[in-house]
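*Asks:* pasted the sequence and its predicted model underneath.
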Amino acid sequence: MKVLKNAWYAATWSHDLDDEPLSRTFHEQPVVIYRGEGGKPIALYDACPHRFAPLSLGRVQGDRIKCGYHGLEFDRKGHCVLNPHGKGVIASALNVRSYPLAERYGMIWIWMGDPDRADEDKLPSLPILEDADFTWVHGRTFVNAHYELVIDNLLDLSHVEFLHPFLASDGNSSRTVFRAEQVGDRVNSYYDVRNEPITALFRLLWEGDEVEADLHAYMYWSAPSYLYLDTGMSAPGEDPSKAPRVPGIHLLTPETENSTHYFWAMGRNRLRDNVEISEMIREGTRNAFEHEDEPMICAVRSRMSSNDLFANKPALLPIDEGNVRARRVLSRLILEEEGNMARQAKV
Amino acid sequence: MKVLKNAWYAATWSHDLDDEPLSRTFHEQPVVIYRGEGGKPIALYDACPHRFAPLSLGRVQGDRIKCGYHGLEFDRKGHCVLNPHGKGVIASALNVRSYPLAERYGMIWIWMGDPDRADEDKLPSLPILEDADFTWVHGRTFVNAHYELVIDNLLDLSHVEFLHPFLASDGNSSRTVFRAEQVGDRVNSYYDVRNEPITALFRLLWEGDEVEADLHAYMYWSAPSYLYLDTGMSAPGEDPSKAPRVPGIHLLTPETENSTHYFWAMGRNRLRDNVEISEMIREGTRNAFEHEDEPMICAVRSRMSSNDLFANKPALLPIDEGNVRARRVLSRLILEEEGNMARQAKV
Amino acid sequence: MKVLKNAWYAATWSHDLDDEPLSRTFHEQPVVIYRGEGGKPIALYDACPHRFAPLSLGRVQGDRIKCGYHGLEFDRKGHCVLNPHGKGVIASALNVRSYPLAERYGMIWIWMGDPDRADEDKLPSLPILEDADFTWVHGRTFVNAHYELVIDNLLDLSHVEFLHPFLASDGNSSRTVFRAEQVGDRVNSYYDVRNEPITALFRLLWEGDEVEADLHAYMYWSAPSYLYLDTGMSAPGEDPSKAPRVPGIHLLTPETENSTHYFWAMGRNRLRDNVEISEMIREGTRNAFEHEDEPMICAVRSRMSSNDLFANKPALLPIDEGNVRARRVLSRLILEEEGNMARQAKV
């Protein structure tokens, strides 16, 4: 599938991985992930080179994974290190592809492109996930549609009033001042509203007796599919960075042309030890993504003839500026990468 | 799909439509139908021109339907009349196709072809549905096969003895005199049997003490897919038009190349106020269509390599005369229509 | 699909067939099988030539099967012998293909190729199924994959230690002496181990107090898809043919390019009247095939780009010698058959 190859993609939240092999598909390639010795994560192509049995059906032993069909064993680099049959000859063709991994911000990141170009400096910068002022809940869901439709959804928050009644008040769209900007290859969408009724979400965290406050929601996208939402409400004159905030992280990893792994985290700087609030935010977010966004995104896809948005001739509006810019940046980066690979192939 | 475009098709029984948006696919096009102000039915292409969200996921407000994704509103003509964001600019590309509708005989009819040619005079003539001498029950089912296979089934009632034991007596086929005729573009199949055991269906309505009577079943087809069955049993010498009759209406609307909306109505001129008999006829008809005809039609389709009956080289019998004629008429009308459109496109 | 046509294929165990029509697909062709007069099995193409209704939805009357849609009746040769409508004319096009059958070893075999070449002498020789020294249990399962992947599985028993813990002891593979040979168009895989812990299966049948014994497992394949497994354990110095043996018969019939009928039988020469042991072997075998082999074979297929093993570039090992030879023999026989048919078509 058409995708930016040389980039880090979210593979699994760290706390969801142990020494049980985890089978996941990224960019239409099956991958097995597990923790080896010392807990270090390992990712291999999920098919034994002998007869193509998924290695994820086998067993992890230290750094090794043992195929469940004929017992061949592979190390963290994908080298076959044991053939249990007869004289145990190991041909070099018995190696399997391994993938560079990085573990940061509680996430395990995978590099599906050229391993020689894997560089932890290219990880997205998400320090807020480790900011001591915030408590986070994490989740994972699955969207049965192309990942760019999910980016469209996130970079265009004008849908919130209509799709997520819990998160916006009636008429919010008409009161909102919207602005999108592109800074290099990054795209930001800014939504500001003054004197907005405090939403049901912020009501949970609100301590004063105001009924209205200023709302901001700033969504930051960088390629290929990292999104950070800075949102909060502040009483007039209050410093927004000190007022109640509910930042969000959205990481999308293409599974296939028509499906997406969606990892999310929601933070807050109020009532941070309240386990009930954590649970409400977790369930509310899951509900919004799984019962409001996901069905709508899939319904949208059902009306499109292909994943190429522009080929479907949408009637674009000013609210689309952010997501249209992001689609153009991403297309350009993919084309550039293809061009680079073609040039390298010539040399 | 290959279908006669400039014709009225049954869309929904009137009593099944209110101001909740109804999503249905006709001729492979998604359509949303709802009642606007004064109960007048409205049909629009079921995808917002902005980002393709199905309008049927939105809400009806008077004549308008409001998209559930970004809140755009459309009127009964498909014109966008409200953009709730920012300055609310409405570009002309924001219009969506609307479809001509007609409401007659308790049915809402849709015109999927050229709107300028929509003409209520072209509605089928089904006055018996409003005849004061008959009580009717109505139903709707769904066939997972091309609509012409359903026409084949209905224009060839010789299957009744074998597939519907409730509706015919053993050996009925050998006693039946069958005749098909084509009158212009209409096709009729006539089945007559003298001194036939009164069938289980007519036994429900029979008041005399005869055990045999004359049975007639006359099926009238007109393009594209309207069928009217005049059936009854009469004691020897009795006027068949006064004797017990159970007329039927069958209206087929292609959903896709391999699926069909099937609307039916069954009338009777005896025991007209008997609610139990109504219920028995409703359930018996539903059972025959859903558990006898539909599975057989789908099984037939599973053995064909395409929906083109003749390409499958059937071994035709005299009983096929009606449905073969109807297939030929329909093919010719579709070809003529395509020819006309090609000519118009040239001009 | 690409398959050896002129050969007998297992269609159904004899005890699973009576006068109820059985619908099965072989080589992508729908076939109806039933027992006619005197219990003789009959197989016809499972579609009425008139309108393609599956004959298996009809009823058997003596040697005849009566179509459930319009009542046409066909005899054991597929000749239409009754048209119940009007004058009952029967055109010659009303005949349906019939298939040669043979009944032997408790199995009904079908010949999908040229009927003139059907010859019972070409049935596989499986006398052990009728050997008075053995008690058998029979079964049938279904594999959602190409039949050659099942042959691969059976001709390479080196997987047993890893996939079937009930059938082999830890480390068995490293102790096994393996040899494959091709004798004409037959392929045999031989596995021998000395002083092997008695496996759980043989423990059921063991009467002595040994804890170790010699194990042999000899798999014999002949084209297209007949496999006979001679396996047993014998105390040192004991005649293996007299020691506990659990022979197996595996008969594979391609349903489609991606699915296989799998008929199996397991015999034993010990505790032959013990019904509990029969039940344990039946359930153990079913469990191994349905919950261990079948999911693994399907998982393997999910990682292949086509059913052509060699196009997927497997990293072959010495343990693959038997199944690679069998694949080559089968490919050659299919090519020869295609060549013969092309030559005959020219003449």
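*Replies:* Right, received. Where do you want to start? Numbering: from 1, shown residues only, chains lettered A, B, ... in the order given.

*Asks:* list the buried residues in the longest helix along chain A.
*Replies:* The single longest helix within chain A, with elements called by DSSP state H, is helix A:321-346. Within helix A:321-346, the residues that qualify as buried are A:321, A:322, A:323, A:324, A:325, A:326, A:327, A:329, A:330, A:333, A:334, A:337, counting by 16 or more other Cβ atoms under 10 Å in any protein chain shown. Every residue, glycine included, has its C-beta placed from N, CA and C.

*Asks:* want to try CSV for these, with distance to residue A:1 as columns?
*Replies:* CSV is the format used below for the buried residues of helix A:321-346 (distance: Cβ to Cβ, whole Å):
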residue, distance to residue A:1
A:321, 26
A:322, 24
A:323, 20
A:324, 21
A:325, 22
A:326, 18
A:327, 16
A:329, 18
A:330, 13
A:333, 15
A:334, 10
A:337, 13
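
*Asks:* now render those as a markdown table, adding pLDDT and distance to chain B.
*Replies:* Listed next are those as a markdown table, based on pLDDT from 0 to 100; distance: Cβ to the nearest Cβ, whole Å:
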| residue | pLDDT | distance to chain B |
| --- | --- | --- |
| A:321 | 97 | 11 |
| A:322 | 97 | 13 |
| A:323 | 96 | 9 |
| A:324 | 97 | 11 |
| A:325 | 98 | 16 |
| A:326 | 98 | 15 |
| A:327 | 98 | 12 |
| A:329 | 98 | 19 |
| A:330 | 98 | 18 |
| A:333 | 98 | 23 |
| A:334 | 98 | 22 |
| A:337 | 96 | 27 |
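
*Asks:* quick check: which of those residues are also close to chain C?
*Replies:* Of the residues in these, proximity to chain C by Cβ under 8 Å from any Cβ of the partner chain holds for none.

*Asks:* okay, now the residue in the stretch 201-347 of chain A positioned nearest to chain C: neighbour count?
*Replies:* With Cβ to the nearest Cβ, the shortest gap between the stretch 201-347 of chain A and chain C falls at residue A:256, namely 13.2 Å. Neighbours of residue A:256 under the rule other Cβ atoms under 10 Å in any protein chain shown: 15.

*Asks:* quickly list what it is bridged to.
*Replies:* When bridges are called by DSSP bridges, residue A:256 pairs up with residue A:259.

*Asks:* and what of the one 10 residues further on?
*Replies:* Note on residue A:266: beta-bridge partners residue A:137, residue A:248, judged by DSSP bridges.

*Asks:* so how many other residues sit close to it?
*Replies:* By other Cβ under 10 Å, the burial measure for residue A:266, its neighbour count, is 24.

*Asks:* does it touch residue A:286 like I think?
*Replies:* No - judged on Cβ atoms under 8 Å, residue A:266 makes no contact with residue A:286 at a distance of 9.9 Å.

*Asks:* contact residues of the stretch 201-347 of chain A facing chain B?
*Replies:* A:296, A:299-300, A:302-304, A:312, A:314-320.

*Asks:* quick check: the farthest pair among the residues you listed?
*Replies:* Largest separation among these by Cβ to Cβ: A:302 and A:318, giving 26.1 Å.

*Asks:* mind listing the strands for the stretch 151-300 of chain A?
*Replies:* Ranges of strands within the stretch 151-300 of chain A are A:177-183, A:186-197, A:212-222, A:226-234, A:248-256, A:259-268, based on DSSP state E, counting those that start in this stretch.

*Asks:* list the contacts for the residue of the stretch 201-347 of chain A closest to chain C?
*Replies:* For residue A:256, the contact set (Cβ atoms under 8 Å, 6 or more residues apart in numbering or on different chains) comprises A:1, A:25, A:28.

*Asks:* and which of those residues is nearest to chain B?
*Replies:* Nearest to chain B among the contacts of residue A:256: residue A:1, at 21.0 Å, using Cβ to the nearest Cβ.

*Asks:* ok, and the closest non-adjacent residue to the residue positioned nearest the centre of chain A?
*Replies:* Nearest residue to the geometric centre of chain A (Cα atoms, centre = their mean): residue A:251, 1.5 Å. In space, and not counting its chain neighbours, residue A:251 is closest to residue A:10: 3.8 Å by Cβ to Cβ, 6 or more residues apart in numbering or on different chains.

*Asks:* secondary structure element for the one you found?
*Replies:* Taking DSSP states H and E as the criterion, residue A:10 maps to strand A:8-13.

*Asks:* parallel or antiparallel, list what pairs with that strand.
*Replies:* Sheet pairing of strand A:8-13 (DSSP bridges) gives strand A:107-111 (antiparallel).

*Asks:* off-centre distance for the strand it pairs with?
*Replies:* 10 Å (Cα atoms, centre = their mean, to the nearest Å).

*Asks:* equivalent analysis for stretch A:139-149, please.
*Replies:* 9 Å.

*Asks:* end-to-end on it?
*Replies:* For stretch A:139-149, the first-to-last residue distance is 19 Å (Cα to Cα, to the nearest Å).

*Asks:* mean confidence score for it?
*Replies:* In this model, stretch A:139-149 has a mean pLDDT of 98.

*Asks:* and it, which residues are buried?
*Replies:* Those would be A:139, A:140, A:143, A:145, A:146, A:147, A:148, A:149, for stretch A:139-149 by 16+ other Cβ under 10 Å.

*Asks:* and that stretch, anywhere near chain B?
*Replies:* No - shown here: stretch A:139-149 not in contact with chain B (Cβ under 8 Å from any Cβ), separated by at least 9.1 Å.

*Asks:* ok, and what's touching that stretch?
*Replies:* So stretch A:139-149 is contacted by A:12-13, A:16, A:150, A:225, A:252-255, A:257-266, A:282, A:285-286, A:289-290, A:293-294, A:297-298, A:300-301, A:307, A:309, A:327, A:330 (Cβ under 8 Å, 6+ apart).

*Asks:* with just CA atoms, put stretch A:220-231 into CSV.
*Replies:* The C-alpha trace of stretch A:220-231 is given here as CSV (Å, rounded to 0.1, in the frame of the first residue of the first chain):
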residue,chain,number,x,y,z
TYR,A,220,-1.2,19.5,15.9
TRP,A,221,-0.4,17.0,13.2
SER,A,222,2.9,15.8,11.9
ALA,A,223,3.6,13.2,9.3
PRO,A,224,2.8,10.5,8.9
SER,A,225,0.1,10.2,11.5
TYR,A,226,0.9,11.8,14.9
LEU,A,227,-1.7,14.1,16.4
TYR,A,228,-1.6,16.0,19.6
LEU,A,229,-4.6,17.9,20.9
ASP,A,230,-4.2,20.7,23.3
THR,A,231,-7.6,21.5,24.7
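
*Asks:* ok, now which ones touch the closest residue to residue A:15 other than its chain neighbours?
*Replies:* With Cβ to Cβ, 6+ apart as the criterion, residue A:15 has its nearest non-adjacent residue at 7.0 Å, and that residue is residue A:106. By Cβ under 8 Å, 6+ apart, the contact list for residue A:106 reads A:13, A:14, A:15, A:129, A:138.

*Asks:* how far away is the third one from residue A:107?
*Replies:* Spatial separation of residue A:15 from residue A:107 under the definition Cβ to Cβ, to the nearest Å is 10 Å.

*Asks:* more crowded one of these two?
*Replies:* It is residue A:107, of residue A:15 and residue A:107, that has more neighbours when counted by other Cβ under 10 Å, with 24 against 9.

*Asks:* list the contacts of the more buried one.
*Replies:* Neighbouring residues of residue A:107 by Cβ under 8 Å, 6+ apart: A:10, A:11, A:12, A:13, A:14, A:251, A:263.

*Asks:* and it, what are its bridge partners?
*Replies:* residue A:13, residue A:104.

*Asks:* now do it against residue A:130, distance only.
*Replies:* 11 Å.

*Asks:* report the rounded mean pLDDT for stretch A:106-125.
*Replies:* pLDDT averaged over stretch A:106-125 gives 97.

*Asks:* sorry, that was for stretch A:235-254
*Replies:* Averaged across stretch A:235-254, pLDDT comes to 95.

*Asks:* as PDB, could you dump the C-alpha coordinates of that stretch?
*Replies:* Extracted in PDB, the C-alpha atoms of stretch A:235-254 (Å, rounded to 0.1, in the frame of the first residue of the first chain):
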ATOM      1  CA  ALA A 235     -12.200  31.500  33.200                       C
ATOM      2  CA  PRO A 236     -11.900  34.900  31.600                       C
ATOM      3  CA  GLY A 237      -8.400  36.300  32.400                       C
ATOM      4  CA  GLU A 238      -7.100  33.000  33.700                       C
ATOM      5  CA  ASP A 239      -3.900  31.600  32.300                       C
ATOM      6  CA  PRO A 240      -5.100  28.800  30.000                       C
ATOM      7  CA  SER A 241      -1.900  26.800  30.700                       C
ATOM      8  CA  LYS A 242      -2.900  26.700  34.400                       C
ATOM      9  CA  ALA A 243      -6.600  26.200  33.900                       C
ATOM     10  CA  PRO A 244      -8.300  22.700  33.400                       C
ATOM     11  CA  ARG A 245      -6.800  21.000  30.400                       C
ATOM     12  CA  VAL A 246      -7.500  17.600  28.700                       C
ATOM     13  CA  PRO A 247      -4.700  17.000  26.200                       C
ATOM     14  CA  GLY A 248      -5.000  14.100  23.800                       C
ATOM     15  CA  ILE A 249      -2.500  12.000  21.800                       C
ATOM     16  CA  HIS A 250      -3.700  10.200  18.700                       C
ATOM     17  CA  LEU A 251      -1.400   7.800  16.900                       C
ATOM     18  CA  LEU A 252      -2.600   6.000  13.700                       C
ATOM     19  CA  THR A 253      -0.900   3.100  12.100                       C
ATOM     20  CA  PRO A 254      -2.100   1.800   8.800                       C
END
